[in-house]
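Peer 1: A predicted structure for the sequence below; I have some questions about it.
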Amino acid sequence: MSKEKHRFYAPSEAFSGDQVVLPEDEGKHALKVLRVVEGDQITVTDGEGGTYRVRIDSTAGKQVAGTVLSRTENEGEPEGGLHIALGVLHQPARWETFLEKAVELGCTRITPMITERTQTSRLKDRRLHQIMISAMKQSGRSRLPILDAPTEFAALLDVEAKKRVICHEARPDGVQLPELVASMQPSDDLVALIGPEGGFSEGEVRMAEEKGWTTVWLGKRRLRAETAAMAVVSMASLRG
């Protein structure tokens, strides 16, 4: 009996009719690590909402090719949009950790944000893309989130959503996160801004509030920036 070996990623251009050829790195992993053979059935996602059951027909020339047997749409995807903008961090590895967990927990858009307190740091696009693919496959999702280029704080204030929040540790009178989430429906879009090391300046918070953003307080404990962002994503993924 054929059995599923693993979940793989193949972009839409890898499909032609009911045929698909795995990208070179995915095919190598399938053959060398997972030991797939002709006749096995695997799961393939295109990162655009499609999830496919595929029968492997050929492994000739170290190329894995197969036939699509069935397709489902939006497997593992949330009903509402979840857009998180996190300030670029001094240590890229910490931002990458957030990115991985944000994809696993259902973020639909992720923005590296430039703020007054952002320190210079270089994020590597290719590495970030690979982290997102791995997290998408591991978590059983079918869409790669949108990953924006680094964006200035002020430019994000015009983003539209049902709920728009800015998280600020120095505002205990702000709305508490559980209260915010309890007020949301599963289909509501949420945009949340989380600052870098040192958080947002008071001027940035005032600017956001003047644009109609709600200030959210995450509690008494002082969290690292990426921890705060993951707390928001985790809680928001349970909304409704």
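Peer 2: Looks like it came in fine.
Peer 1: Report how many residues lie close to Arg55.
Peer 2: Look at Arg55: counted by other C-beta atoms under 10 Å, it has 14 neighbours. For glycine as for every other residue, the C-beta is placed from the backbone atoms N, C-alpha and C.
Peer 1: correct me, but it touches Gly66?
Peer 2: Yes. Using C-beta atoms under 8 Å, Arg55 and Gly66 qualify as a contacting pair, with a distance of 5.4 Å.
Peer 1: name the element the residue nearest the centre of the chain belongs to?
Peer 2: Geometric centre of the chain, nearest residue: Val103, 2.8 Å, by C-alpha atoms, centre = their mean. Using DSSP states H and E, Val103 sits within helix 92-105.
Peer 1: Count the residues that sit near the closest residue to Ala225 other than its chain neighbours.
Peer 2: Spatial nearest neighbour of Ala225, excluding adjacent residues (C-beta to C-beta, 6 or more residues apart in numbering): Pro196 at 5.5 Å. Other residues near Pro196 come to 23 when the count uses other C-beta under 10 Å.
Peer 1: Equivalent analysis for the one 3 residues further on, please.
Peer 2: Residues lying near Gly199 (other C-beta under 10 Å) number 21.
Peer 1: so who does the spatially closest residue to Phe153 that is not a sequence neighbour touch?
Peer 2: Leaving aside its chain neighbours, Phe153 sits nearest to Thr115 (4.7 Å; criterion: C-beta to C-beta, 6+ apart). By C-beta atoms under 8 Å, 6 or more residues apart in numbering, Thr115 lies in contact with Gly87, Phe153, Gly195, Pro196, Phe200, Ser201, Glu204.
Peer 1: and with 10 Å instead?
Peer 2: 85, 87-88, 152-154, 156, 193-196, 198-201, 204 (C-beta atoms under 10 Å, 6 or more residues apart in numbering).
Peer 1: per-residue pLDDT, it?
Peer 2: With respect to pLDDT, Thr115 scores 96.
Peer 1: do you know how far Leu22 is from Gly66?
Peer 2: Between Leu22 and Gly66 the distance is 8 Å, computed by C-beta to C-beta, to the nearest Å.
Peer 1: Which neighbours do the two have in common?
Peer 2: Joint contacts of Leu22 and Gly66 (C-beta under 10 Å, 6+ apart) are Phe8, Ala10, Val36, Ile42, Val44, Val54, Ile56, Thr59.
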